[in-house]
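Novice: After the sequence you'll find the predicted model.
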Amino acid sequence: MRILAIESTCDETGAAVVEGGRGVLSNVVASQVELHAKYRGVVPEIASRAHIENILPVVREACATAGVELRDVDAVAVAHRPGLIGSLLVGVTAAKSLAWASGKPLIGVDHVHAHLYSVMLGDVAKPQAAVPAFPAVGLVCSGGHTALYELRDWLDVRLIGSTIDDAVGEAYDKVAALLGLGYPGGPIVDRLAAKGDPRAVEFPRSLLGKESLDFSFSGLKTAVLYRVYGVPGRGARPSTAGGPPKISEQELADVAASFQAACVDVIVRKLRRAAKVVGARSVIVGGGVSANRGLREAMKGFGLPVLVPGLEYCTDNAAMSGGLAHVYAERGIVSELDLDAVPYSQFVAGV
Ligand code: KG4
Ligand code: ZN
């Protein structure tokens, strides 16, 4: 089975053709990074307008690269929840139109579950070999999510913990902004961290008690602010208004490395707790931050099989939705043409 999938939940416009749920024939992503960079974050209205401009060229390119036409695909999939409503509507509308015009079934998938499924994707000529053993513990760590899941199957996914404030990728982006680095901050801080000493600054690790599976990253972000601009009340008024902090290159790298060490430490400890609760036989990590070198390195000694996506499938892409849609289709689950776009605000996670 061959599925054409569409992604437009946030700021990447994506289309992909996936064969048999695992073999990626094409995976096209039109990034909007440059449009949002000057605002140091995603501006929803700009994102939805760019999706409108990009969506059909991206779909055409995905079909051309895969060497298929619409009539050659078996279904049209789309990530219809959760996301920014204006962005979601573009992809959902395009997918419905293509499905209706071609008479192919429409399959709406959950974007967060698709991030977990991304570990299954590989090149069609060189498929990903590993398959997770269930029950598995899943972590989606990205710019919009930091959440833990119990997976008994690809379609039996239960939310067991999530962030109570910032997502970890959001903390990376905000820390990069206050350090005067570029956007998106995750990859930049990751690269800088490799040049610094992770033990240079003892940043706080928010574990929220002994048993919680929730996360909190806002205190860590504030700790970085105070570290580089001074602690309020001690003759300092921490503010980024005067430009980037006046610290040496080495100190900057040390702060980046120490911040990354704190993030990775918390994530690994929470994954250990979650693995125990779930009785996990494997661990699945997906989302933009699963590209992080520090996290990948730290997970090597976890003690359970750990599955991470190929680097091209970590950040938002359509291939992961095309893969997951294959599982839906195999079980006879298809959507109606009145499929809703479900924004973050109406999203009941885990349902
Ligand atoms: O999955 P994604 O494209 O979007 C959401 O669904 O949110 O993730 C984007 C996030 C951004 O916050 C970006 O800074 C972060 O993933 N990111 C990283 C790395 N690469 C991307 N964070 C840490 N280390 C990285 N190497
Ligand atoms: Zn995402």
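Specialist: Here it is on my side, so go on. Ligands and ions are numbered 1, 2, ... in the order given.
Novice: Quick check: which element contains Leu56?
Specialist: helix 44-66 (DSSP states H and E).
Novice: That helix near ligand 2 anywhere?
Specialist: No. Residues of helix 44-66 are not located near ligand 2 by CB under 5 Å from the ion, the shortest gap being 13.0 Å. In short, each C-beta sits where N, CA and C put it, glycine included.
Novice: gap between the helix or strand just after that helix and the chain center?
Specialist: On the C-terminal side of helix 44-66, the closest following helix or strand by DSSP H and E is strand 75-81. Its chain's C-alpha centre and that of strand 75-81 lie 17 Å apart, by CA atoms, centre = their mean, to the nearest Å.
Novice: Tell me who's in contact with the closest residue to ligand 1 within the stretch 201-350 of the chain.
Specialist: Nearest residue of the stretch 201-350 of the chain to ligand 1: Gly288, at 2.1 Å (CB to the nearest ligand atom). By CB atoms under 8 Å, 6 or more residues apart in numbering, the contact list for Gly288 reads Cys141, Ser142, Gly143, Gly169, Pro184, Gly186, Cys314, Thr315, Asp316.
Novice: Would you format those residues as CSV with neighbour count and distance to ligand 1 included?
Specialist: Below are those laid out as CSV (neighbours: other CB atoms under 10 Å; distance: CB to the nearest ligand atom, whole Å):
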residue, neighbour count, distance to ligand 1
Cys141, 28, 8
Ser142, 25, 3
Gly143, 25, 3
Gly169, 26, 3
Pro184, 25, 4
Gly186, 26, 2
Cys314, 24, 7
Thr315, 25, 3
Asp316, 28, 4
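Novice: how close does the nearest residue to Tyr229 once chain neighbours are set aside sit to ligand 2?
Specialist: Distance criterion CB to CB, 6 or more residues apart in numbering; nearest residue to Tyr229, sequence neighbours excluded, is Pro238 at 3.9 Å. Separation of Pro238 from ligand 2 (CB to the ion, to the nearest Å): 31 Å.
Novice: what residue ranges in the stretch 201-350 of the chain score low on pLDDT?
Specialist: Along the stretch 201-350 of the chain, segments meeting pLDDT under 70 span 347-350.
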